[in-house]
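[1] let's see this in three dimensions:
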Amino acid sequence: MDLVLQNPNLTYNMRNLILIVNAISSRNIFPFLKFLCSNCNSISSIVVNFPACSSSLIETHLSQIIISQHNLKKISFESNFILYNPFLSLKNSNCSNTLNTIIFYYTDFKNILTVLQEVFNQLNVLESVHIFYCCSLNSDFVQQIIKVIKPFKLRSLFMSEILHVESLQLLLQKFSDCLENFGFHYGYREHNEYDEKQRQSFKLIMKYCTKIRYFNLGISDDNNIYPFIENNRYNINYLTIEVDFHDDYTGLSSTVLQNLGQVLPSKLKYLCLSLAFKTNDLEIFLKNSQNTYI
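    Residues are numbered from 1 along each chain as shown. Just a heads-up that it's a prediction; the model follows:
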């Protein structure tokens, strides 16, 4: 870091900035962030991953870095650090006419719900938004985002918190035509309530979404997945099915292997199966999927 601080020319034409800071090193990064504010304005892509306990000074410096950029096109907010001021800084005149992609990855929308609509409506060239397993993905968030006037496309929606059916329906009614990447969080669950919410949500996906390219399924015991995959065989390029944490791990693995091969898209680019493989089931899968190129 000292080498960079002593040589401003090293960052003069920097295009991509990835800031990943842990709690231990957060204080040591202050001089570097301050340096970037005044010595680098050509960044086109920023990835930010700070711990939730980050100080307000980091938040301030990050906001200043964003505002100082003249050609920022893509920003990715990762982890649950305080997002309010950095997100609000996107509405400045520099970003409003350049930023075309926003990614939220394991972030918490709680702190930006009150300004979400305000910021999005200032982004004149925003093209796509991607949401990956974020907290506070609730009815308040949906109400804010569907009221945004400026056009943009919700390209990715991966949920760890299941939206209420009514809220998800509103979201899909507005963005289903552009939604390409969808998935549920998978993991061990002691109760069936979460699984039932997933099934209800999946019914809406089946009803509204016809352009899914990346599909990450967390409910492999729902037989509707097979007609859904078949109906989207011309679109789906990436498919993930994992049953590691399900109570009936072995039984579900057999069901998937016996039913999946015949509905796989013919030009699948990526397939991830986390299953218990039995020889007979695997033979059935390979036989049924012999016309699929992965």
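[2] what helix or strand does residue 35 sit in?
    helix 30-39 (DSSP states H and E).
[3] what's the first helix or strand after that helix?
    Assigned by DSSP H and E, the successor of helix 30-39 is strand 45-49.
[4] average model confidence for that next one?
    Mean pLDDT, computed over strand 45-49, is 94.
[5] other SSEs contacting the lengthiest helix in the chain?
    Scanning the chain for the longest helix, with DSSP state H as the assignment, gives helix 193-208. On a contact count with 3 or more C-beta pairs under 8 Å, 6 or more residues apart in numbering; DSSP states H and E, helix 193-208 meets helix 165-175, strand 181-184, helix 225-231. The way it works is simple: take the backbone N, C-alpha and C, and place the C-beta from them, glycine included.
[6] how close does residue 282 sit to residue 201?
    Distance of residue 282 to residue 201, given as C-beta to C-beta, to the nearest Å: 30 Å.
[7] give me the more crowded residue out of those two.
    residue 201 (21 against 15; other C-beta atoms under 10 Å).
[8] ok, back up a step: packing partners of the helix holding residue 35?
    By 3+ C-beta pairs under 8 Å, 6+ apart, helix 30-39 packs against helix 2-6, helix 56-68.
[9] pick the most deeply packed of those helices.
    helix 56-68 (a mean of 19; mean count of other C-beta atoms under 10 Å).
[10] quick check: domain ranges of this structure?
    1-179, 201-294 (automatic domain parsing).
[11] pipe the ones you listed into CSV and attach distance to residue 185 per row.
    Shown next, in CSV, are the domains of the chain (distance: least, C-beta to C-beta, whole Å):
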stretch, distance to residue 185
domain 1-179, 4
domain 201-294, 6
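[12] can you flag the weakest of those domains by average pLDDT?
    domain 201-294 (a mean of 85).
[13] can you list contacts of stretch 108-117?
    80, 82-84, 87-88, 119, 134-138, 140-141, 144-145, 147-148 (C-beta atoms under 8 Å, 6 or more residues apart in numbering).
[14] do stretch 282-294 as well
    257-258, 260-262, 264-271.
[15] then stretch 128-143?
    80, 100-110, 113, 116, 152-161, 163-164, 166-168, 170-171, 181, 185.
[16] what's the answer for stretch 258-266, then?
    With C-beta under 8 Å, 6+ apart as the criterion, stretch 258-266 contacts 223, 226-227, 229-230, 232-237, 239, 241, 271, 273, 281, 284-289, 291-293.
[17] so which of those sit within strands?
    239, 241, 271, 273 (DSSP state E).
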